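Trainee: give me a 3D structure for the following:
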Amino acid sequence: MLTILAAGSVFFPGLFLLSKQCLKSIPALRWSEGDAVIVSARLVSSIQAVMASSAGYIIASSCKDIIEDQHWLTSTYIMFAVPYFVYDIYAMFMCYWYKLRVKGHEEALAGPQHMRSAVRSYLRREFLMVLHHVVMVTVCFPVSVFWRQGKGDYFQGIMFMAELSTPSVCLGKILIQYKQQHTLLHKVNGALMLVTFFIFRVLLFPYLYYVYGRYASIPFHMVPLMVPWHCNVGAALLMAPQLYWFSLICRGIRHYTVFCCLTPPPAPTFFQVHLRF
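Mentor: Model (predicted):
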């Protein structure tokens, strides 16, 4: 257990540092420290998402009995990925810090000038995401590894697959960073993000309720009344931020569509709101 935790603790920060150094030193790129930090953080998030989704697919597809069947990869990947959420809190802050330092950035003009005030500003701005990461480490980790007692690996695998929307989110932020909002890639990526986020995050828990209802021969609308109350509470707490973030995506796309009807290209950012997921 400790070996797997240690491996994750080395892998994700190490990948971030390696990516940042490469982006800064490759002659064809030679990016600034800030650009390298921001892109490296997105890259690590995307790689973790691909790994989690792949693990989730392997686990879910191997479980015939959605309650009793087990797969060794379930607990192993949970242990490996826990350090990622700790690292990502730091990586998100570094992205925020370098954005503040960009000349002409509206938040840099009126925002914090010192690290301590920057941390406070970051925690206020990214409170929901930081809280999400903290809950993943302090609540979801012990529940998934110890409290489940080896039950429901299928459900855990499906939840891993929620990360399938993350690469398109990260790519969208990079394209916005380099002012590529008018490109076809940005538009296609925006549509892909909308679809994947809706399927793998918004519909995630309704699907799990549906699968359990079919397994237990319970009508879908009766499942919340039949499962333990803490399962409903946990599902509601995890689903609430997904609905909020999805509303931001829809609002951004609506603003983009209205703007395109009134003005010719190049278009503004696909997401006029600040997406914080």
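
Trainee: tell me how far the longest helix anywhere in the chain is from the chain's mean position?
Mentor: Looking across the chain with DSSP state H, the single longest helix is helix 229-262. In terms of Cα atoms, centre = their mean, to the nearest Å, the centre of helix 229-262 is found 13 Å from the chain centre.

Trainee: could you chop this structure up by domain?
Mentor: 1-102+112-163, 164-276 (the TED database).

Trainee: what ranges do the helices span in the stretch 51-200 of the chain?
Mentor: 72-101, 106-110, 115-125, 127-135, 141-142, 153-160, 166-177, 184-197 (DSSP state H, counting those that start in this stretch).

Trainee: okay, these, which one's buried deepest?
Mentor: helix 153-160 (a mean of 24; mean count of other Cβ atoms under 10 Å). Every C-beta, even on glycine, is put in place using the N, C-alpha and C of the backbone.

Trainee: helices or strands up against it?
Mentor: helix 33-62, helix 72-101, helix 204-215 (3 or more Cβ pairs under 8 Å, 6 or more residues apart in numbering; DSSP states H and E).

Trainee: tell me how many other residues crowd residue 3.
Mentor: 9 (other Cβ atoms under 10 Å).

Trainee: change the start of the numbering to 49 and stick with it
Mentor: All set: I'll call the first residue 49, so the last point we hit is now residue 51.

Trainee: host element of it?
Mentor: helix 50-73 (DSSP states H and E).

Trainee: packing partners for that helix?
Mentor: Checking 3+ Cβ pairs under 8 Å, 6+ apart, helix 50-73 ends up next to helix 81-110, helix 120-149.

Trainee: the first one packs against which elements?
Mentor: In this case it means helix 81-110. Using 3+ Cβ pairs under 8 Å, 6+ apart: helix 81-110 touches helix 50-73, helix 120-149, helix 201-208, helix 214-225.

Trainee: contact partners of the shortest one?
Mentor: To tie it back to what came earlier, the one meant is helix 201-208. 100-101, 103-109, 111, 113-115, 117-119, 122, 125-126, 192, 196, 252, 255-256, 259-260 (Cβ atoms under 8 Å, 6 or more residues apart in numbering).

Trainee: any idea how far it is from the chain center?
Mentor: 16 Å.

Trainee: so that helix versus helix 81-110, what angle?
Mentor: 150 degrees (axes from the mean of the first three to the mean of the last three Cα atoms, to 10 degrees).

Trainee: including distance to residue 93 and mean pLDDT, could the helices of the stretch 99-248 of the chain go into JSON lines?
Mentor: Formatted as JSON lines, the helices of the stretch 99-248 of the chain follow (distance: least, Cβ to Cβ, whole Å; pLDDT from 0 to 100):
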{"stretch": "helix 120-149", "distance to residue 93": "7", "mean pLDDT": "92"}
{"stretch": "helix 154-158", "distance to residue 93": "22", "mean pLDDT": "48"}
{"stretch": "helix 163-173", "distance to residue 93": "17", "mean pLDDT": "86"}
{"stretch": "helix 175-183", "distance to residue 93": "11", "mean pLDDT": "91"}
{"stretch": "helix 189-190", "distance to residue 93": "18", "mean pLDDT": "88"}
{"stretch": "helix 201-208", "distance to residue 93": "15", "mean pLDDT": "95"}
{"stretch": "helix 214-225", "distance to residue 93": "5", "mean pLDDT": "89"}
{"stretch": "helix 232-245", "distance to residue 93": "13", "mean pLDDT": "92"}
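
Trainee: so can I have JSON lines of those helices showing distance to residue 53?
Mentor: What follows is the helices of the stretch 99-248 of the chain, written out as JSON lines (distance: least, Cβ to Cβ, whole Å):
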{"stretch": "helix 120-149", "distance to residue 53": "6"}
{"stretch": "helix 154-158", "distance to residue 53": "35"}
{"stretch": "helix 163-173", "distance to residue 53": "25"}
{"stretch": "helix 175-183", "distance to residue 53": "16"}
{"stretch": "helix 189-190", "distance to residue 53": "10"}
{"stretch": "helix 201-208", "distance to residue 53": "18"}
{"stretch": "helix 214-225", "distance to residue 53": "22"}
{"stretch": "helix 232-245", "distance to residue 53": "29"}
